[in-house]
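> I'll drop the sequence and a predicted model, then ask my questions.
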Amino acid sequence: MYFMRLQRCVGAGATRKASNGSGLMAENTVALVSFVLTLMVFSYLLGDLPLIGILYRVAVYIFVGMTAAFTLVVSYEGVILPYLQDIQNVETSWTTLGNAADVAIFFTALLFGLLLLLKPIRSLTWLTNSVYAVVIVVGASVAVVGALNGTIFPLLQATAAIPEDLTADFSAMVDTLIIFIGTMSALFYFHYQVRANGAGGEQQSRLSRGFRHIGKVFIVTALGAIYASMILSSLTILTERISFLFQIGA
Amino acid sequence: MGLGSRAGLSAFVAFMVGVVTILSLLLGDNPALFGDQPGSDELARRLALPGDVLLRLVVIVVAVSIVIGIANLLFVHIGRLARRKFISAVLLASFGFTIYWYVTRQGDTSLLEAVQVPIESSLAALLFLSLALGGARVMRKRADIWGMLFVAVALVVLLGSLPLAELAPVKAWSDWLMSAPVSAGARALLLGIALGAVVAGVRALLGQDRAYRAYRG
């Protein structure tokens, strides 16, 4: 009876009808393990009490071990294995250079991976650093191109764009103006420029200080809204977890 | 090879690889850049090739380095276990059990449902308390106009999300805040992050990044 009640509480999984006894047992076990782990994580709220304090750490260690295992599986199944299978098939190729080039790329990458293991040997660290250089710089290049094409150009275009119905709708015009001034002043807030005054100190111009204050208003407003959105998201999850605990505990 | 020349080699490799990748990503697979000239498709495809090769190379290196990183994690915890820190046994057992589960019961996601999802969602739920506590601290330690503005905006957005007819004016305020001032601030923050990414990327390209320069063998 208790297991039947547990089964109703597993959310979407609970609605599935178990076709046999082992399926029902498995779902009940999932619910029970979820219940215990949720309580273990929430034990963090009780502080570092003897015996109870370790429950949170155990839950986190389980989580880390499992995440490491899943990451290993995804890295192997999602990247290494498909590439390994592709290079064995001479008729397929990732590039226009042919299968031989694929084999060369794969084994070069494996060699690079092995060179990473040489980091502790101080006289060979330069080899490891060269591999790091390739990885970091290719990543940085992708980030630069992505930032330019994916964020900077589209956002600047959207900020400077004038809506078509601007003359018809006064509030749209005001909003567009606010967004433009807000974006520019908030960007200017991060730009710090001073000039030397006669007494050997530094002084900001009044215009610059005023514009930075306007920018700060927009940044604080955005951060407040982001904070509220995060509160709402985490509150929704907390409510779901508490209702899960009550449903199983009832 | 001297220390300086080794460090210079890393910087040179970084610069060349970076320039080739950026040019390949920007110019490759985009025949429109070369107009209607004959062979522009072929030229664009050829320009995309170095970037494609380097990206594939790096993806495999990153996957291998993840495997090395996980092996390192396991060795560290085996060492901790040898020093009688028995909690590391939990991590090792969890890792071993997950791999065993994956090998013997492929496609079965019940382990994910039973362990990963509840722990992740419970940790996310704990975030609410940390955020609420943080907000209270902001008001206690920084009770100036900026702290008050921060809390006022957060309150308006929170109240605006409530489905109550009495709060319709607050919801209208919240919607306007989200569409104009918050949008402006968020755009500026995103632009700042993107500009920061560009600057960091260019620093790495120019060999100024310490990650592959600092530890000279």
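Received, thanks.

> Please identify the residue most distant from the middle of chain B.
Farthest-out residue of chain B from its mean C-alpha position, per C-alpha atoms, centre = their mean: B:P38, at 41.4 Å.

> Using the three-state scheme, assign that one.
State at B:P38, reduced to three classes by DSSP: H, G, I helix; E, B strand; the rest coil: coil.

> ok, it to chain A distance?
19 Å (C-beta to the nearest C-beta, to the nearest Å). Using the backbone N, CA and C atoms, a C-beta is placed for each residue, glycine as well.

> so what are the domain limits for chain A?
Per automatic domain parsing, the structural domains of chain A span A:1-88, A:103-161, A:164-250.

> Out of those domains, flag the one nearest B:V198.
Nearest of those to B:V198, taken as C-beta to C-beta: domain A:103-161 at 5.2 Å.

> quick one on the thing from earlier: would TSV of the domains of chain A with mean pLDDT be doable?
Formatted as TSV, the domains of chain A follow (pLDDT from 0 to 100):
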stretch	mean pLDDT
domain A:1-88	76
domain A:103-161	85
domain A:164-250	84
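
> Please identify the deepest-packed of those domains.
domain A:103-161 (a mean of 18; mean count of other C-beta atoms under 10 Å in any protein chain shown).

> Just give me how far that domain sits from the chain centre.
Chain-centre distance of domain A:103-161: 19 Å, with C-alpha atoms, centre = their mean, to the nearest Å.

> Also stretch B:49-61?
Put simply, stretch B:49-61 sits 20 Å off its chain's centre (C-alpha atoms, centre = their mean).

> Once you drop chain neighbours, what's closest to B:L55?
Computed as C-beta to C-beta, 6 or more residues apart in numbering or on different chains, the closest residue to B:L55 that is not its neighbour in sequence is A:V138, at 6.6 Å.

> Report the contact partners of that neighbour.
B:V17, B:G18, B:T21, B:L54, B:L55, B:L57, B:V58 (C-beta atoms under 8 Å, 6 or more residues apart in numbering or on different chains).

> measure it to B:P50 for me?
Per C-beta to C-beta, to the nearest Å, A:V138 is found 11 Å from B:P50.

> With A:M25 instead?
Relative to B:P50, and taking C-beta to C-beta, A:M25 is found at 56 Å.

> B:L195 now?
26 Å.

> Kindly report the same for A:L156.
Counting by C-beta to C-beta, the gap between A:L156 and B:P50 amounts to 29 Å.

> same check, this time on A:A133
16 Å.

> Same question for B:S40.
Separation of B:S40 from B:P50 (C-beta to C-beta) stands at 18 Å.

> Could you do A:S123 as well?
Counting by C-beta to C-beta, the gap from A:S123 to B:P50 is 32 Å.

> now do A:L124
Distance from A:L124 to B:P50, by C-beta to C-beta: 28 Å.

> How far does whichever helix in chain A runs longest sit from its chain's centre?
Ranked by number of residues, the top helix in chain A under DSSP state H is helix A:206-249. Mean-position distance between helix A:206-249 and its chain equals 17 Å (C-alpha atoms, centre = their mean).

> for that helix, packing partners?
With contacts defined as 3 or more C-beta pairs under 8 Å, 6 or more residues apart in numbering or on different chains; DSSP states H and E, helix A:206-249 has these neighbours: helix A:2-8, helix A:21-42, helix A:170-189, helix B:117-141, helix B:145-160, helix B:168-179, helix B:181-205.

> do the second one and chain B meet at all?
Yes. Helix A:21-42 lies within reach of chain B by C-beta under 8 Å from any C-beta of the partner chain, at A:A26, A:E27, A:T29, A:V30, A:V33, A:S34, A:F35, A:L37, A:T38, A:V41, A:F42.

> what residues are up against the closest residue to the fourth one other than its chain neighbours?
By that I understand A:V30. Spatial nearest neighbour of A:V30, chain neighbours left out: B:A114 (4.1 Å); criterion: C-beta to C-beta, 6+ apart. Residues counted as contacts of B:A114 (C-beta under 8 Å, 6+ apart) are A:T29, A:V30, A:V33, A:S34, A:L37.

> repeat that for 6 Å
A:V30, A:V33, A:S34 (C-beta atoms under 6 Å, 6 or more residues apart in numbering or on different chains).

> and which of those is nearest B:M178?
When these are compared for distance to B:M178 (C-beta to C-beta), A:S34 wins out at 34.6 Å.

> my read: the closest one touches B:P118, true?
Yes. Between A:S34 and B:P118 there is a contact at 4.0 Å, judged by C-beta atoms under 6 Å.

> Just want the phi and psi numbers for B:L162.
Per-residue torsions, B:L162: phi -80, psi 140 (degrees, to the nearest 10).
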